[in-house]
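Chemist: Next input, structure requested:
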Amino acid sequence: MAQSQEIARSLCAAHGWSESRIHIIPIDTKGDILFDQALSEVGGKGLFTHELENKLLSGDLDFAVHSLKDLPTQDPDGLCVAAIPPREDARDALILAPALKGIKNLEDLPTQTKFGTASLRRQAQSLRLNPNLDIGLLRGNVGTRISRLTQSNENSDAIAATLLAMAGLKRLGLSERVDKIMPIDQMLPAPGQGALAVQTRKDDAELIELLKPLNCAITQAQITAEREFMARLDGSCKTPIAAYADVTEDRLTLTGRLLSVDGQICAEAEITGSVNDAAALGQRIAQDIRDNHPELIPVSDKLGDRAYALRCMHILLTRPKDDIPALKNKLIEQGFTVSACPMLDINILPVEEVDSQTSQILDAAQGYLFTSANGVRAASHHGLTKNPERPVFAVGPATADVCKAAGFQTVSEAGGGMSGVLLR
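Modeler: The predicted structure follows:
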């Protein structure tokens, strides 16, 4: 509500209107109601926008105000972001329960301090600073989350620390509740944090023109770079992604970060360029992270990523010895890591005749690609089906059927031969 009131005041001031000209309609979204599950489990960013966007499309609303960090990177058909006002403070703030007052740094919190958050980004970066925290789910509006900390005096297992956006605290007049403002380099913000988006119908040219005075070119450049970075990596609540763009005159410096959920792996990239190239800068450092840290890219996003295949996929050629050399050479020329591991020669080789290195590679693999039914049978004989949850890619329906019969749970089928699958 505070955000909508801020935009209404600014719009009225820009056009010399009475504040009664704009009627604010409070709407609860699914994200506002579901407090007992993490966003990554119940639908991600769209949870805070879906109801508002439906009202826009139906004509019940003229425009809607969103926290930009909650807005999906793709606009729904028929809608657009007409204005991005000047950004508030993008930093996160550390909020502590009364019993922990006096502690000045997140890394100084005692072992097993119950740290509440619903954000994988905050979770990962907090654990990177202090791996001894006990992470618990904390959702709700700002007032609800702060009150949960106050209640920790009455319950030893209650949430004792959390991070909240400084922008929201300032808009609500709650800055005095902050125990520490987190430095940007320690707690890189969510893409778009601290900024608002004013969304309306794409075909309403008159309203779009009325909203233009609210737009801030500097904030728009920051947000463009940050959200392009996010979009090229994942763009949802299911991955710990952080980004912040700083603009000085006509130069934009973008820092992007992608982490493992436990914070122990952190990929970071930084780039500086013209403010006019904001989108390209975001794309460039996202690609740098994709190329150099494929292990952090979400599995669902790896399937079409050639950089992932080239840098991470270790291909085992299990066909008979005489069939291996030509294909192995072709794959090596394309940049793949290839091992010749013949497992069958009409008859499947006994386990004791298979190189121990092969077993280690199989155990470490994140998924398997089979080009023949015999390959599946051989691999099953050598223990691959002890990991039935790993994704399997099968060439041809017969191979796919054998994979399913062997117990693999997720089987994707492709036509053609191995060359068509790997070298396309």
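Chemist: Contacts for the helix or strand hosting Tyr244, please.
Modeler: With the criterion set as DSSP states H and E, the secondary-structure element containing Tyr244 is strand 241-248. Outside strand 241-248, the residues that touch it by C-beta atoms under 8 Å, 6 or more residues apart in numbering are 90, 121, 125, 184, 187-191, 218, 221-223, 225-226, 229-230, 233-234, 252-259, 275, 278, 281-282. In this view, the C-beta of every residue, glycine as well, is placed from N, C-alpha and C.
Chemist: State the distance from the spatially most central residue of the chain to Leu207.
Modeler: Compute the mean C-alpha point of the chain, and by C-alpha atoms, centre = their mean the closest residue is Thr239, 3.2 Å away. Thr239 sits 35 Å away from Leu207, taking C-beta to C-beta, to the nearest Å as the criterion.
Chemist: re the thing from before, now list the buried members of the contacts of strand 241-248.
Modeler: Buried subset of those (neighbour count, 16 or more other C-beta atoms under 10 Å): 90, 121, 125, 187-191, 221-223, 225-226, 229-230, 233-234, 252, 254-259, 275, 278, 281-282.
Chemist: contact partners of the lengthiest helix in the chain?
Modeler: Assignment by DSSP state H gives helix 217-233 as the longest helix of the chain. Judged by C-beta under 8 Å, 6+ apart, the contacts made with helix 217-233 from elsewhere in the structure are 68, 73-74, 84-87, 191-192, 195, 239, 241, 243-247, 252, 254, 256, 258, 275-276, 278-279, 281-283, 285-287, 289-290, 297, 301.
Chemist: what do you get if the cut-off is 7 Å, keeping everything else the same?
Modeler: Under the contact criterion C-beta atoms under 7 Å, 6 or more residues apart in numbering, helix 217-233 has outside partners 68, 73, 84-87, 191-192, 195, 239, 241, 243-245, 247, 252, 254, 256, 258, 275, 278-279, 281-283, 285-287, 289.
Chemist: tell me the angle that helix makes with strand 241-248.
Modeler: Following axes from the mean of the first three to the mean of the last three C-alpha atoms, to 10 degrees, one obtains 150 degrees for the angle between helix 217-233 and strand 241-248.
Chemist: And helix 217-233, how far out from the chain middle?
Modeler: Helix 217-233 has its C-alpha centroid displaced from the chain centroid by 14 Å (C-alpha atoms, centre = their mean, to the nearest Å).
Chemist: Likewise for stretch 134-142?
Modeler: Shown here is stretch 134-142, whose average C-alpha point lies 18 Å from the average C-alpha point of the whole chain (C-alpha atoms, centre = their mean).
Chemist: Now do the helices in the stretch 51-200 of the chain.
Modeler: For the stretch 51-200 of the chain, the helices defined by DSSP state H, counting those that start in this stretch occupy 120-129, 142-150, 166-171.
Chemist: closest to Glu53 out of those?
Modeler: Smallest distance to Glu53 across those (C-beta to C-beta): 21.5 Å, for helix 166-171.
Chemist: Show me what that closest one is packed up against.
Modeler: Contacts of helix 166-171 with other secondary structure elements, assessed using 3 or more C-beta pairs under 7 Å, 6 or more residues apart in numbering; DSSP states H and E, are made with helix 2-15, strand 92-96.
Chemist: Now the last one: average pLDDT?
Modeler: In this model, strand 92-96 has an average pLDDT of 97.
Chemist: Given that strand, what are its sheet partners and their directions?
Modeler: Using DSSP bridges, strand 92-96 pairs in its sheet with strand 161-165 (antiparallel), strand 180-181 (antiparallel).
Chemist: So for the first one, mean pLDDT?
Modeler: The one in question is strand 161-165. For strand 161-165, the mean per-residue pLDDT is 97.
Chemist: same question, the shortest one
Modeler: Averaging pLDDT along strand 180-181 yields 97.
Chemist: can you start the count at 21 instead of 1 from here on
Modeler: Sure, I'll start numbering at 21, so the last one becomes strand 200-201.
Chemist: how far does it sit from the chain's center?
Modeler: For strand 200-201, the distance between its averaged C-alpha position and the chain's averaged C-alpha position is 25 Å (C-alpha atoms, centre = their mean).
Chemist: Same question for the longest one.
Modeler: For strand 181-185, the gap between its own C-alpha mean and the chain's C-alpha mean amounts to 19 Å (C-alpha atoms, centre = their mean).
Chemist: ok, now stretch 369-386?
Modeler: Averaging C-alpha coordinates over stretch 369-386 and over its chain gives two centres that are 34 Å apart (C-alpha atoms, centre = their mean).
Chemist: Tell me the span between the first and last residue of that stretch.
Modeler: For stretch 369-386, the first and last residues are 24 Å from each other (C-alpha to C-alpha, to the nearest Å).
Chemist: the strands in the stretch 271-420 of the chain, which residues?
Modeler: Secondary structure of the stretch 271-420 of the chain (DSSP state E, counting those that start in this stretch): strands at 271-279, 286-294, 334-337, 357-360, 364-365, 367-368, 388-390, 412-415.
Chemist: Give the other helices and strands that the last one contacts.
Modeler: The helices and strands touching strand 412-415, judged by 3+ C-beta pairs under 7 Å, 6+ apart, are strand 388-390, helix 417-426, strand 431-434.
Chemist: go with 10 Å
Modeler: Counting contacts by 3 or more C-beta pairs under 10 Å, 6 or more residues apart in numbering; DSSP states H and E, strand 412-415 is packed against strand 388-390, helix 393-401, helix 417-426, strand 431-434, helix 438-442.
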